[in-house]
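Participant: My questions are about this predicted structure, shown below with the sequence.
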Amino acid sequence: MERADLVVIGGGPAGLAAAVRAKEKGVDRVLLLERNPVLGGILNQCIHDGFGVLRFGSAMSGPEYAARFIQMARDAGVETVTGAMVVELSPDKKVTYITPQGLFEVQAKAVILSTGCRERTRGALAVPGNRPAGVYTAGVVQYLMNMRNIAFGKNVVIMGSGDIGLIMARRMTLEGARVHCVLEKLPFCSGLPRNVRQCLEDFDIPLCLAETVKEIHGDDHITHVITAKVDEKGRFIPGSERTIPCDVLVLSVGLIPENELAKACGIEMDPVTGGALVDGDLMTSVPGVFSCGNGLHVHDLVDLVSEEGERAAEHAAAYLKGAANKPMVPVTVSGGIRYVLPRQLTAGEDGYLSMRVMLPGRDQKLTVTAGGKTLVSKKMKRVMPSEMIRLKVKDVPACEQVEVSLV
Amino acid sequence: MTNYDVLIVGGGSVGCAIAYALSRYDLKVAVAEKELDVGMGTSGRNSGVVHAGFNNRPGSLMAKLCVEGNEGFEALCKMLDIPYKRTGKLIVGYDEADHQALIKLKEQGEKNGVKGLEIIDGAAIRAIEPDLPASWAMLSRNTAVFNPFLYSIHLAEASAQNGVQYYLNSPVTAVEATEEGYRVQAGDHVLTCRTLINSAGLFADKVSAMAGDPSFTIYPCRGEYYLLDKGTLKMPVYPVPRPGVGGLGVHLTVTVDGNILIGPSADYIDNHEDYSTTEPILDQLRREAMILLPTLNMRTVIGTYAGVRPKLVKKGEANFGDFVIERSPKAKHLINLIGIESPGITASMPIARMVLDILSEDTELVEKPDFVPTYRGIPPFAELSRAEQRALIEQDPDYGDVVCRCETVTRAQVKRALHNPIGATGVIAVKNRTRSTMGRCNGGYCFQRIVELLLSEGKSPQDIDLKRRGDRPLLGYVKGGQA
Ligand SMILES: Cc1cc2nc3c(=O)[nH]c(=O)nc-3n(C[C@H](O)[C@H](O)[C@H](O)COP(=O)(O)OP(=O)(O)OC[C@H]3O[C@@H](n4cnc5c(N)ncnc54)[C@H](O)[C@@H]3O)c2cc1C
Ligand SMILES: Cc1cc2nc3c(=O)[nH]c(=O)nc-3n(C[C@H](O)[C@H](O)[C@H](O)COP(=O)(O)OP(=O)(O)OC[C@H]3O[C@@H](n4cnc5c(N)ncnc54)[C@H](O)[C@@H]3O)c2cc1C
């Protein structure tokens, strides 16, 4: 059987950054497997700008950002196979993949999962009505429009205020469609404020909060939707219905980490993030298998995805060198935090925490404490569920637990 | 104009079963179907259960044909490569009254000739399905599940292989009596036939009226469903039938692929093809399902759908309407199939045999020497062993190109589905043959790949159909743009 020191599954920004860093850290044979014919992941269909501001100090398009990493991977000597669908990962780190050339197995010493995420769909939300043609997720519209020049319709309603939907509202407007509104069931937007400004406000597209689609109509092709306002509990408010004619309904109702391989391998999952449970080294419950990027938890900035991929690679490299197990300190949360990741930090090293809040808020204080001692304290002028919060905890002390709180 | 001995109106499970049964004989046979594929009506919108036959009134045609259908179903599925699983089924109750009702049901079943029925208690129930709270159940060992899409499709493709002609996208809109039979307008085609077999399901009354027999009316009665991701349920779970409640009651079913269904409801509607699901009914389904299985995880919902029963009894009328399978008393070249509701698919082969008997009254049935009874569908790549998968890729590299990630469907399979023997088109034809777009991502991954394949074969975006000719999922190209 073929062997590799490290197999990276998924060649999006997380996997590319991981593979490059692993080579830099001296890992011998790094094999990157990507099911698409090209590397770059979702970035290839993101032709708008705004990628790389944190990392490269310039706002690039998705393909430009990807191109830099693809070049780095080439230069670093990462072996890549595209058109390679990984169909199985075994607990002893045997990776099975399929390409038009055949079905292959490779025995890895370590594995990094960077499989990205998928979109939630209308089906999953089960909006009543019938199922006419013309209902799509934003990612499908983004792909077919940007990669294949396909046009979708002239009257658009967008359900859900996720970033891809906001970006497609602008894109479809630029293609001559009328985007009637973006509907969001929650009382706040789930996309980034920057996208609300640049994609909706600049084009006079209304963002309708606490309102969602109640029924979808049309015999063959969609003709209209009936929307309604919802109360705090998400129940429809009778009498608030509106009929909006449309020939396309675009869903942008969230992303879910893609983890079928991990689940089938028996890796423990976190029901809140939808990704694997990882320790301070981004290692999953299966020793030597690491996870990063949107497959671990959904990110909003690609720059942070790349960084997480690099950290996963550093820990994988250390694992391959047989670094001694370091003690882990559990992380607990209180206050309005929906999740924190990882749920353990490595004692004696710098720790990196990612977290999201449940509700928008102002003038709050984020603190990290250990045994009564404050490690980090940060004033948060504004927090939004759409914006991931990142914190570095310097030199995590060996202690019983680290507490994160936002009040 | 094209002349046939027999023209079947409606490519549902029943029409296709009749076509398959007829394709054994030296006859010119055609099927006219108004949709872009077979099995798009009630036959693709049901529970997918091979019923055992204990629910039907003793002495009825339904009871007789259901029991016969159940007995032959497994062999038929093997012959035609239709996914089938004998799961068994539980009909559950909670108190002594239910217990007595179950005993009655078992007696009724045995009267109908159903085998493999057994009353079991709570402990025995939980040995089968640990999370069911019921206290009593009737276990029916011979109940099974199958893939209802492939049922119609493989019957159709097998019969096409034996010479039956399929006219898809061809609604029958006018039927004119001639001396020898009928002249029929079916979409763009004018077809003549000596015998017209009306297997138009929900529209059987309209077709019969066109052919000169307006003596009955079909009342549409809708059943709504939830479709859930694959789960751990092993067999269908039904409630004890309660008097006065139509249908078999809201139940849980496993599909042959392991997905869970909740439904169906039973509500009379006005429009025969209104397949909408509605909030109050979905709400009711959720509640009733939770009684059957309180641990059910509604977060695994993939979608909703509805099917419509072609009822012969009006809303509010006494509850039983039997199958009607007869030469029309008003039109001698017309054979009518009326009110073929549940268990219509289970019974479809015996129904076809009955139709053959009626046909043989005035038509000679001579067996063809070259009839091929078996049919192989598209290989279900995901279910094959690694060695078999490897062998397929070696044969055709397109088997190494995965188009649908949730169900692991390959480009080779999608291509075969697009070039099926009956000429079905549309993304749905691929979906129903391969499971592509049916997985948990609802086509988020594969829809665009199927579209790309169609474009690469020369289709224009505006000519691609989703579920119906001309439903236009795609408008065309963006301004100034072509591929
Ligand atoms: C539809 C969509 C649109 C988006 N648009 C934007 C945007 O406009 N702006 C923005 O900032 N962010 C956007 N995002 C967020 C974006 O995903 C992240 O910024 C970033 O691309 C995530 O990187 P990743 O490497 O974790 O995942 P991805 O970029 O998704 O890469 C994962 C890669 O893994 C591969 N893969 C998965 N499973 C397998 C397998 N079994 N075998 C082989 N290969 C596999 C996939 O093909 C993919 O190439 C979008 C996300 C989605 C889903
Ligand atoms: C909710 C529900 C659940 C059920 N569950 C089960 C079950 O678990 N097991 C079981 O055995 N049975 C079940 N049934 C019953 C079963 O689905 C039906 O009995 C069976 O599908 C009937 O098949 P058919 O071919 O007669 O009708 P259909 O499948 O409706 O076929 C009729 C065809 O005729 C076509 N047609 C109509 N008018 C015209 C025209 N003018 N010109 C050309 N074509 C036309 C239609 O498009 C359609 O394809 C269920 C039914 C329902 C509604």
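Facilitator: Sure thing, it's come through. Residues are numbered from 1 along each chain as shown, chains lettered A, B, ... in the order given. Ligands and ions are numbered 1, 2, ... in the order given.

Participant: quick one: contacts for the residue nearest to B:A382 when sequence neighbours are not counted?
Facilitator: Counting by CB to CB, 6 or more residues apart in numbering or on different chains, the nearest residue to B:A382 once its immediate chain neighbours are dropped is B:T408, at 3.9 Å. No exception for glycine: its C-beta is placed from N, CA and C like everyone else's. Contacts for B:T408 were tallied using CB atoms under 8 Å, 6 or more residues apart in numbering or on different chains; they are A:M85, A:V87, B:F381, B:A382, B:V402.

Participant: Ok, B:A160 next?
Facilitator: B:Y166, B:P421, B:I422.

Participant: Just the buried residues of the residues you listed.
Facilitator: When neighbours are counted using 16 or more other CB atoms under 10 Å in any protein chain shown, the contacts of B:A160 contain these buried positions: B:Y166, B:I422.

Participant: how much space between A:M1 and A:G234?
Facilitator: A:M1 sits at a distance of 51 Å from A:G234 (criterion: CB to CB, to the nearest Å).

Participant: Name the residue in these two with the higher neighbour count.
Facilitator: Summary of the neighbour comparison: A:M1 and A:G234, criterion other CB atoms under 10 Å in any protein chain shown, with A:G234 having more neighbours (10 against 7).

Participant: Find the nearest non-adjacent residue to that one, please.
Facilitator: Take A:G234 and drop its neighbours on the chain: the residue closest to it by CB to CB, 6+ apart is A:K185, 6.5 Å away.

Participant: list the contacts for that neighbour?
Facilitator: A:K185 sits in contact with A:G160, A:A210, A:E211, A:T212, A:V230, A:G234, where contact means CB under 8 Å, 6+ apart.

Participant: Look up which helix or strand the closest residue to A:G129 other than its chain neighbours falls in, please.
Facilitator: The spatial neighbour of A:G129 that comes closest, neighbours along the chain excluded (CB to CB, 6+ apart), is A:I216 at 3.7 Å. For A:I216, the element it lies in under DSSP states H and E is strand A:211-217.

Participant: from the middle of its chain, how far away would that strand be?
Facilitator: 26 Å (CA atoms, centre = their mean, to the nearest Å).

Participant: now it: mean pLDDT?
Facilitator: Mean per-residue pLDDT for strand A:211-217: 92.

Participant: What is it packed up against?
Facilitator: Where contact means 3 or more CB pairs under 8 Å, 6 or more residues apart in numbering or on different chains; DSSP states H and E, strand A:211-217 is packed against strand A:155-159, strand A:178-184, strand A:224-229.

Participant: strands paired with the longest one, and their directions?
Facilitator: Strand A:178-184 pairs in its sheet with strand A:155-159 (parallel), strand A:207-209 (parallel), by DSSP bridges.

Participant: And for it, what's in contact with it?
Facilitator: Around strand A:178-184, the neighbours that count as contacts under CB under 8 Å, 6+ apart are A:154-161, A:165-166, A:169, A:172-173, A:190, A:200, A:203, A:205-213, A:227, A:244, A:246, A:252.

Participant: mind showing which ranges of the stretch 151-300 of chain A have poor pLDDT?
Facilitator: The stretch 151-300 of chain A contains no residues with pLDDT under 70.

Participant: Near chain B, which residues of it? Just list them.
Facilitator: Residues of the stretch 151-300 of chain A lying near chain B by CB under 8 Å from any CB of the partner chain: A:151-154, A:175-176, A:214-215, A:219-221, A:247, A:260.

Participant: Need those residues in JSON lines (columns: neighbour count and distance to A:G336).
Facilitator: Below are those laid out as JSON lines (neighbours: other CB atoms under 10 Å in any protein chain shown; distance: CB to CB, whole Å):
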{"residue": "A:A151", "neighbour count": "21", "distance to A:G336": "42"}
{"residue": "A:F152", "neighbour count": "24", "distance to A:G336": "38"}
{"residue": "A:G153", "neighbour count": "24", "distance to A:G336": "39"}
{"residue": "A:K154", "neighbour count": "14", "distance to A:G336": "42"}
{"residue": "A:E175", "neighbour count": "18", "distance to A:G336": "39"}
{"residue": "A:G176", "neighbour count": "10", "distance to A:G336": "42"}
{"residue": "A:K214", "neighbour count": "19", "distance to A:G336": "30"}
{"residue": "A:E215", "neighbour count": "19", "distance to A:G336": "34"}
{"residue": "A:D219", "neighbour count": "14", "distance to A:G336": "45"}
{"residue": "A:D220", "neighbour count": "18", "distance to A:G336": "46"}
{"residue": "A:H221", "neighbour count": "18", "distance to A:G336": "43"}
{"residue": "A:D247", "neighbour count": "21", "distance to A:G336": "40"}
{"residue": "A:E260", "neighbour count": "18", "distance to A:G336": "31"}
